[in-house]
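Undergrad: Okay, structure incoming, though there's no sequence with it:
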Ligand SMILES: Cc1cc2nc3c(=O)[nH]c(=O)nc-3n(C[C@H](O)[C@H](O)[C@H](O)COP(=O)(O)OP(=O)(O)OC[C@H]3O[C@@H](n4cnc5c(N)ncnc54)[C@H](O)[C@@H]3O)c2cc1C
């Protein structure tokens with residue numbers, strides 16, 4: 001509970017309706033999209049409308065020693081927005097204006113609360129595209145996705161959020177405002193703080209303005225569905241596509257359990273008898289798309305696909321991608337708790353990773369559905385469980401440990417796109433060693449010595 005005088009100070013800065021302190025309001029901020037995660041209700045939720053107001057909130061937080069938890073739409077999958085120590089949840093949803101679309105320099109400047117799809121609807125009017133495309137494009141904010149360096153369905157050809165952020169305005173833990181980067185394609189002035197703050201999960205500063213790169217929207221696209229009677233064959237087909245020097249915009253996988261569940265949920269006409277399907281999209285100039293689609297079809301057949309379907313029209317294409325985007329919500333219907341991981345391996349190691357996940361599921365007697373951005377080496381093994389079942393949760397924890405160990409041993413990483421947040425912080429030494437973790441801590445403590453910003457995430461206080 002905050003004292004009435006602190007609440008009054010916040011209301012003076014932000015206006016009464018942008019400061020929430022009623023229990024029923026606060027409860028909804030104890031959660032984000034992450035399952036089986038410790039929950040905690042904040043003491044207050046504030047929703048500033050400008051950089052200046054964010055800075056004043058941080059001054060108040062500093063004065064009273066309160067932790068600050070930045071929040072966009074709360075769709076992250078690593079507990080990133082959970083206010084572990086109470087304090088202030090700082091919602092950026094009131095800062096939701098697209099400030100500029102610069103069609104000469106192919107950039108856009110946005111406030112952090114802009115929804116990714118809204119930016120894309122706006123830039124599409126100019127024949128442009130902002131490529132990062134997480135499954136939550138219609139709900140996630142630019143600030144949240146930049147802070148997670150979100151990936152998504154177009155990562156294979158177009159890269160991820162960090163490849164599009166050119167600059168930003170930030171409020172630091174002490175309330176000071178800094179601006180970094182700019183519209184020049186080349187910029188090596190000083191340390192690259194834009195890169196440092198991208199993917200920092202709100203632990204180093206609050207992003208209040210973002211400058212992103214746009215690209216010309218592809219002229220056309222074609223979607224294909226490769227049907228396999230064996231997961232290993234599907235895994236090998238992924239590697240074969242890349243080996244044949246074809247880089248589709250999107251190359252996704254769904255295993256049999258995911259397929260069945262998604263079909264039950266979407267009625268998209270998916271082949272539920274298949275052991276795995278690959279969902280592929282190529283895009284670009286018409287002639288290139290025709291040629292690439294034909295090449296993909298050949299490779300799929302050579303690698304033993306039982307069937308290759310090509311979407312006949314936009315409606316059929318939409319159905320395929322709606323089905324893919326429904327994978328997580330569909331799986332989440334099967335059991336009360338879905339523990340979703342995003343361990344990522346070099347693309348050539350996908351067949352081995354798929355095999356390891358199947359073996360881990362068997363070893364710990366768990367239901368694991370696997371789907372994901374296979375072309376990027378980014379799989380989402382999703383454990384379907386029930387957090388009230390303590391014995392099963394102990395097995396889940398062991399399975400997750402092993403998934404990470406295998407990913408790292410194959411030359412991969414703990415997180416391809418969902419971030420470290422709360423639960424994965426303990427695994428960091430596995431990837432970086434103690435010296436690496438110490439380096440992260442030094443950066444955190446240089447910028448936020450009192451652990452005011454999003455404490456309990458990525459870098460933990462030394463005990
Ligand atoms: C069904 C589903 C599908 C998903 N699919 C994908 C996918 O394909 N690819 C992918 O990468 N992710 C995916 N995600 C994860 C999630 O959607 C993305 O990470 C998303 O971009 C987060 O945006 P958000 O606005 O919800 O951020 P939030 O969850 O609100 O915040 C994310 C993090 O950023 C911090 N933060 C938020 N705003 C700011 C700010 N202005 N300044 C500083 N820090 C800030 C928060 O403290 C938190 O640590 C999926 C999630 C779900 C539920």
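TA: Arrived safely, thanks for sending. Note that this is a predicted model, so its numbers are computed, not measured.

Undergrad: Which strand residues bridge residue 284?
TA: Beta bridges link residue 284 to residue 220, judged by DSSP bridges.

Undergrad: Could you tell me which residues of the stretch 251-400 of the chain lie near the ligand?
TA: 328, 329 (CB under 6 Å from any ligand atom). For every residue, glycine as well, the C-beta is placed using N, CA and C.

Undergrad: how about the helices of the stretch 251-400 of the chain, start to end?
TA: For the stretch 251-400 of the chain, the helices defined by DSSP state H, counting those that start in this stretch cover 256-266, 286-302, 314-325, 327-332, 350-363, 390-409.

Undergrad: In stretch 383-395, which residues are buried?
TA: For stretch 383-395, the buried set under the neighbour-count rule, 16 or more other CB atoms under 10 Å, comprises 383, 384, 385, 392, 393, 395.

Undergrad: Need those in a markdown table (columns: pLDDT).
TA: As requested, those are arranged in a markdown table below (pLDDT from 0 to 100):
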| residue | pLDDT |
| --- | --- |
| 383 | 95 |
| 384 | 95 |
| 385 | 95 |
| 392 | 96 |
| 393 | 94 |
| 395 | 97 |
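
Undergrad: For stretch 446-457, which outside residues touch it?
TA: The contact list for stretch 446-457 (CB atoms under 8 Å, 6 or more residues apart in numbering) reads 58, 61-62, 65-70, 78-80, 84-85, 172-173, 201-206, 420-422, 425, 444, 461.

Undergrad: Just the buried residues of these.
TA: 58, 61, 66-70, 78-80, 84-85, 172-173, 201-206, 420-422, 425, 444.

Undergrad: restrict those to those near the ligand?
TA: Answer for these near the ligand (CB under 6 Å from any ligand atom): 69, 70, 80, 201, 202, 206.

Undergrad: any idea whether the third one is helix, strand or coil?
TA: Of the three states, residue 80 takes coil according to DSSP: H, G, I helix; E, B strand; the rest coil.

Undergrad: Relative to residue 296, how far out is the residue lying closest to it once chain neighbours are set aside?
TA: Of all residues not flanking residue 80 in the chain, residue 421 sits nearest, at 4.4 Å (CB to CB, 6 or more residues apart in numbering). With the distance defined as CB to CB, to the nearest Å, residue 421 ends up 35 Å from residue 296.

Undergrad: before we move on, what about residue 276?
TA: In terms of CB to CB, residue 276 sits 16 Å off from residue 296.

Undergrad: what does residue 270 give?
TA: Distance from residue 270 to residue 296, counting by CB to CB: 19 Å.

Undergrad: OK, contacts around whichever residue of the stretch 351-463 of the chain sits closest to the ligand?
TA: Closest to the ligand within the stretch 351-463 of the chain is residue 417: 3.3 Å, counting by CB to the nearest ligand atom. For residue 417, the contact set (CB under 8 Å, 6+ apart) comprises 134, 148, 149, 150, 151, 152, 155, 160, 342, 344, 373, 378.

Undergrad: Excluding sequence neighbours, find me the nearest residue to the first one.
TA: Using CB to CB, 6+ apart and skipping the chain neighbours, the partner closest in space to residue 134 is residue 152 (3.9 Å).

Undergrad: Same check on the second one?
TA: In space, not counting the residues next to it along the chain, residue 148 is nearest to residue 419; the distance is 4.7 Å by CB to CB, 6+ apart.

Undergrad: That neighbour: neighbouring residues, count only.
TA: Other residues lying near residue 419 total 25 when counted by other CB atoms under 10 Å.

Undergrad: Let me see the contact set for it.
TA: With CB under 8 Å, 6+ apart, residue 419 has these contacts: 76, 77, 78, 80, 148, 149, 199, 201, 458.

Undergrad: tell me the mean pLDDT for the helix or strand residue 119 falls within?
TA: Under the criterion of DSSP states H and E, residue 119 resides in helix 116-124. Per-residue pLDDT values over helix 116-124 give a mean of 98.

Undergrad: now swap in stretch 308-317 and tell me
TA: 92.

Undergrad: now swap in stretch 91-108 and tell me
TA: pLDDT averaged over stretch 91-108 gives 98.

Undergrad: what's the first-to-last distance across it?
TA: In stretch 91-108, first residue to last residue: 22 Å (CA to CA, to the nearest Å).

Undergrad: touching the ligand at all, that stretch?
TA: Yes: taking CB under 6 Å from any ligand atom as the criterion, stretch 91-108 and the ligand are in contact, through residue 92.

Undergrad: Need the contact partners of that stretch.
TA: With CB under 8 Å, 6+ apart, stretch 91-108 has contacts from 18, 45-50, 70-73, 109-115, 118-119, 122-123, 126, 128, 130, 141, 143-144, 166, 183, 206, 208-209, 211-216.

Undergrad: and these, which of them are in strands?
TA: Under the assignment DSSP state E, these contribute 45-46, 70-71, 109-110, 128, 166, 206, 208-209, 211-213, 215-216 to strands.

Undergrad: Throw together a ChimeraX command that grabs the buried residues out of those residues.
TA: Command for ChimeraX that selects the buried part of the ones in strands among the contacts of stretch 91-108, burial taken from 16+ other CB under 10 Å:
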select :45,46,70,71,109,110,128,166,206,208,209,211,212,213
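
Undergrad: which one of the ones in strands among the contacts of stretch 91-108 is nearest the ligand?
TA: Looking across these and measuring by CB to the nearest ligand atom, the closest to the ligand is residue 70, at 3.7 Å.

Undergrad: Ignoring the adjacent residues along the chain, who's closest to the closest one?
TA: residue 202 is the one closest to residue 70 (CB to CB, 6+ apart), at 4.0 Å.

Undergrad: and if you look at residue 241?
TA: Take residue 241 and drop its neighbours on the chain: the residue closest to it by CB to CB, 6+ apart is residue 299, 5.3 Å away.

Undergrad: cool, residue 413 as well?
TA: Take residue 413 and drop its neighbours on the chain: the residue closest to it by CB to CB, 6+ apart is residue 344, 5.2 Å away.
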